[in-house]
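Participant: pasting a predicted model and its sequence here:
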Amino acid sequence: MVDWGKLIQIDSKSDGLITARVIGVNREIYQLGVVGRSKAVRGELSGRLRFASESGELPVVGDWVRCADQGDFLLIVDVLPRKTILSRKTAGIRTEEQPLAANVDVVAIVQGLDGGRNFSLRGMERYLTLAWDSGATPLIILNKADLCEEGEAFRNEAELAAPGVDILITSAVEGKGLEEVKKKLKGRTAVLIGPSGVGKSALTNALLGEESRETGAIREGDKRGRHTTTSSRLFPLSSGGWLIDSPGLKEVQLWGEEESVDDTFSEIREWAEKCRFKDCTHQGEPGCAVQEALRDGLIDPGRYGAYLDLRREMSWLESRRSEKYHLEERKKGKTLSKHIRSMKSDKSIY
Ligand SMILES: Nc1nc2c(ncn2[C@@H]2O[C@H](COP(=O)(O)OP(=O)(O)O)[C@@H](O)[C@H]2O)c(=O)[nH]1
Ligand SMILES: [Mg+2]
Ligand SMILES: [Zn+2]
């Protein structure tokens, strides 16, 4: 049985509301872990939250929420301030934030050592940028070690894409490396991200041990039968800590600030500090230390290209966001002036 009481990190206020943590979301139905109750409780959004204009305001897995007790369910009235938030841009053309998990301490980026596209430096860099942007500490997990004899060689490669980030090698099938993962996650909230098929659910199951679910066969109710992860879920680890399994992100659309790209490419940032111009774009300015390091073979050309690509993508995102912001401000301005005009024409109020 889960002791949700362990979850409490927040002083209960004496406003009659209950503090709970979001452990699952399915459309608008929430599953909540409630302090003092062993079973998950159903949660629903209050009207105010439901009509919150930006999806960024809606609670996601990992959020701490304040709820009013309605008997057989809890009415979620407020989302407590987030310590960290892992987001991506929504798929498609809209420039909107899609939060994936809140209040995570560790973002574990899972890759598969089974050959092919399940191990990708460029992919890792994208996930890492999201991870740095979230405010949590990134971690790299190279899974399916049982299918690969050169695990250490892949570790060295991964180090290129993730300088300074801890890298663990695991096999969810054989149990290799799981103790190290447990140690890293102890007392923390972690989310597993990465493309589908790398073994996030298998790792979750292996880390959960007996108490939970089978790979690819997570039963939801009775009828669904086998399916793969469709929405994020938060699980308590008996070794201590909390694990969020997320569905594979087919499109890892960036979201965040340009600085998060620099966190991912920390060796380039170090060289950039020596550039003559503070706002150097490292694309041909005189006195560019990055270009010089590149010529001297001190920066990997693949990394340099990926850095420029991600910077470009992030700055495009930023310009789209500010465009949208100005549009919304203009719209607000228009409705306000309309309102004033109608007030002026309404003689009765003068
Ligand atoms: N050989 C091997 N297969 C694994 C390992 N981890 C996961 N798999 C298999 O890879 C497939 C995808 O795993 P799954 O956990 O659903 O991946 P997810 O999409 O990232 O959640 C399944 O068939 C798993 O059995 C591993 O460590 N070794
Ligand atoms: Mg899965
Ligand atoms: Zn430069």
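Facilitator: Thanks, I have the structure now. All values reported here derive from a predicted model rather than from experimental measurement. Ligands and ions are numbered 1, 2, ... in the order given.
Participant: please make it C-alpha for all contacts and neighbour counts, starting now.
Facilitator: Fine.
Participant: with adjacent residues omitted, what lies nearest to the residue most central in space within the chain?
Facilitator: Nearest to the mean C-alpha position of the chain, by C-alpha atoms, centre = their mean, lies residue 86 at 2.7 Å. Closest residue to residue 86 apart from its sequence neighbours, by C-alpha to C-alpha, 6 or more residues apart in numbering: residue 134 at 4.6 Å.
Participant: report how many residues lie close to that neighbour.
Facilitator: 27 (other C-alpha atoms under 10 Å).
Participant: shouldn't it be in contact with residue 85?
Facilitator: Yes - counting by C-alpha atoms under 8 Å, residue 134 touches residue 85, with 4.9 Å between them.
Participant: from ligand 1, how far out is the nearest residue to residue 65 once chain neighbours are set aside?
Facilitator: Leaving aside its sequence neighbours, residue 65 sits nearest to residue 79 (C-alpha to C-alpha, 6+ apart; 4.5 Å). Taking C-alpha to the nearest ligand atom, to the nearest Å as the measure, residue 79 falls 28 Å from ligand 1.
Participant: ok, now which ones touch residue 79?
Facilitator: Residue 79 makes contact with 57, 58, 59, 63, 64, 65, 66, according to C-alpha atoms under 8 Å, 6 or more residues apart in numbering.
Participant: lowest mean pLDDT among the helices and strands, pick that one out for this structure.
Facilitator: Least confident helix or strand, the chain: helix 301-345 with a mean of 80, by mean pLDDT, DSSP states H and E.
Participant: show me the strands in the stretch 51-200 of the chain, by range?
Facilitator: Counting by DSSP state E, counting those that start in this stretch, the stretch 51-200 of the chain has strands at residues 64-69, 74-79, 85-89, 97-102, 106-112, 137-143, 166-169, 189-193.
Participant: give me the residues contacting the shortest one.
Facilitator: Same thing as strand 166-169. 138-143, 145, 151, 155, 158-159, 176-177, 180-181.
Participant: and the first one, by the same measure?
Facilitator: Contacts made with strand 64-69 from outside it, assessed by C-alpha under 8 Å, 6+ apart, are listed as 16-22, 59, 74-80, 82.
Participant: repeat the analysis, applying 7 Å as the threshold.
Facilitator: 17-22, 74-80 (C-alpha atoms under 7 Å, 6 or more residues apart in numbering).
Participant: what do you get for the fifth one?
Facilitator: Residues outside strand 106-112 that contact it (C-alpha under 7 Å, 6+ apart): 118-119, 127, 131, 136-144, 189-194, 198, 200.
Participant: circling back to that earlier point, residue 98 is in contact with the residue nearest to the centre of the chain, correct?
Facilitator: No - if you go by C-alpha atoms under 7 Å, residue 86 and residue 98 don't touch, sitting 8.6 Å apart.
Participant: circling back to that earlier point, specify the angle between the least confident helix or strand of the chain and strand 85-89 in degrees.
Facilitator: 90 degrees (axes from the mean of the first three to the mean of the last three C-alpha atoms, to 10 degrees).
Participant: now do helix 301-345: which elements does it pack against?
Facilitator: Packing partners of helix 301-345 (3 or more C-alpha pairs under 7 Å, 6 or more residues apart in numbering; DSSP states H and E): helix 258-264.
Participant: is the helix it packs on positioned near ligand 3?
Facilitator: No - using C-alpha under 5 Å from the ion, helix 258-264 stays clear of ligand 3, with a minimum separation of 12.9 Å.
Participant: the following helix or strand past that helix: how far from the chain's middle?
Facilitator: Tracing the chain C-terminally past helix 258-264 and defining elements by DSSP states H and E, one meets helix 266-272 next. Centre-to-centre, helix 266-272 and its host chain are 25 Å apart (C-alpha atoms, centre = their mean, to the nearest Å).
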